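# Below: sequence and its predicted model.
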Amino acid sequence: MTTTKIYIVYYSLYGHVETMAREIQRGANAVQDVEATLWQVPETLSNLILQKMKAPSKADDVPEIKPEQLSEADGFVFGFPSRFGVMAAQCKAFFEATHQLWEKQALAGKPAGIFWSTGFHGGGQELTALTAVTQLAHHGMIYVPIGYTFGSGMFEMNEVKGGSPYGAGTYAADGSREPTELELKQAFYQGKYVAEMAKKLKH
């Protein structure tokens, strides 16, 4: 059996998306014959601006990805913080640098999921995913939402929970809130779900 490669490609400023990404990777790697790797989108802000924003250092163990490397993967899960209801500019800049892949439609037919972080419930929990779908569509990628397949966790009303049928999500609030156990379970589930879909499509 050949290996199915899943790339979890993310941008994280304060760490919330990175935490989710690591759980998605764990979920994807739980599927037999799947190899899931983490990649960071290149930063566009200067070190001075990042210092002023009190942003922590980037993860040393996660390399930056170049646009052309996307063609090596069989499936993707893209993650980003929301900025005014859409993906962060760093991710938009990365997608805009994939012009050569778009020209060849090199990513067409490959499955891709989306996950995110917002400040609160009105910050783009669903809009961020919906607007990000345009990037996938122009490349011909197959968007893989999780629907309500996560089960009872989708209907949790006794605690604050990010995410939706469009994918896993978390709330950062003022930056101090960390992803909850339930949000991380949904992230793990999404990684597993997308990996299983990619494996089916490949074989």
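Done, it's in.

# Please point out which parts of the helix-or-strand element of the chain with minimal mean pLDDT sit buried.
Within the chain, no helix or strand scores below helix 47-52, which has a mean of 93 by mean pLDDT, DSSP states H and E. By neighbour count on 16 or more other C-beta atoms under 10 Å, the buried set for helix 47-52 is empty. C-betas here are computed from N, CA, C, even on glycine.

# Could I have the CA atoms of that helix written out in PDB?
The C-alpha trace of helix 47-52 is given here as PDB (Å, rounded to 0.1, in the frame of the first residue of the first chain):
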ATOM      1  CA  ASN A  47      10.200  41.300  13.300                       C
ATOM      2  CA  LEU A  48       9.700  44.800  14.700                       C
ATOM      3  CA  ILE A  49       5.900  44.700  14.100                       C
ATOM      4  CA  LEU A  50       5.700  41.200  15.500                       C
ATOM      5  CA  GLN A  51       7.500  42.400  18.700                       C
ATOM      6  CA  LYS A  52       5.100  45.300  19.000                       C
END
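
# who touches that helix?
Helix 47-52 is contacted by residues Glu43 when judged by C-beta atoms under 8 Å, 6 or more residues apart in numbering.

# next structured bit after it?
Per DSSP states H and E, the first helix or strand lying C-terminal to helix 47-52 is strand 75-83.

# Show residues contacting the next helix or strand after that following strand.
Next in sequence after strand 75-83, counting helices and strands by DSSP H and E, comes strand 86-87. The contact list for strand 86-87 (C-beta under 8 Å, 6+ apart) reads Phe80, Lys92, Trp116, Gly124, Leu127, Thr128, Thr131, Ala132, Gln135.

# let's see it at 10 Å
With C-beta atoms under 10 Å, 6 or more residues apart in numbering as the test, strand 86-87 has contacts from 11, 41, 78-81, 92, 94-95, 114, 116, 124, 127-132, 134-135.

# centroid residue for the protein?
Nearest residue to the geometric centre of the chain (C-alpha atoms, centre = their mean): Gly79, 2.3 Å.

# quick one: that residue from Glu103, how far?
Distance of Gly79 to Glu103, given as C-beta to C-beta, to the nearest Å: 26 Å.

# Same question for Glu156.
For Glu156 relative to Glu103 (C-beta to C-beta), the value is 44 Å.

# which of these two has more neighbours?
Glu156 (15 against 8; other C-beta atoms under 10 Å).

# wouldn't the more buried one be in contact with Leu182 here?
Yes. Contact criterion C-beta atoms under 10 Å: Glu156 and Leu182 qualify, at 6.1 Å.

# shared neighbours of the two, which are they?
With C-beta under 10 Å, 6+ apart, Glu156 and Leu182 have common neighbours Phe150, Gly163.
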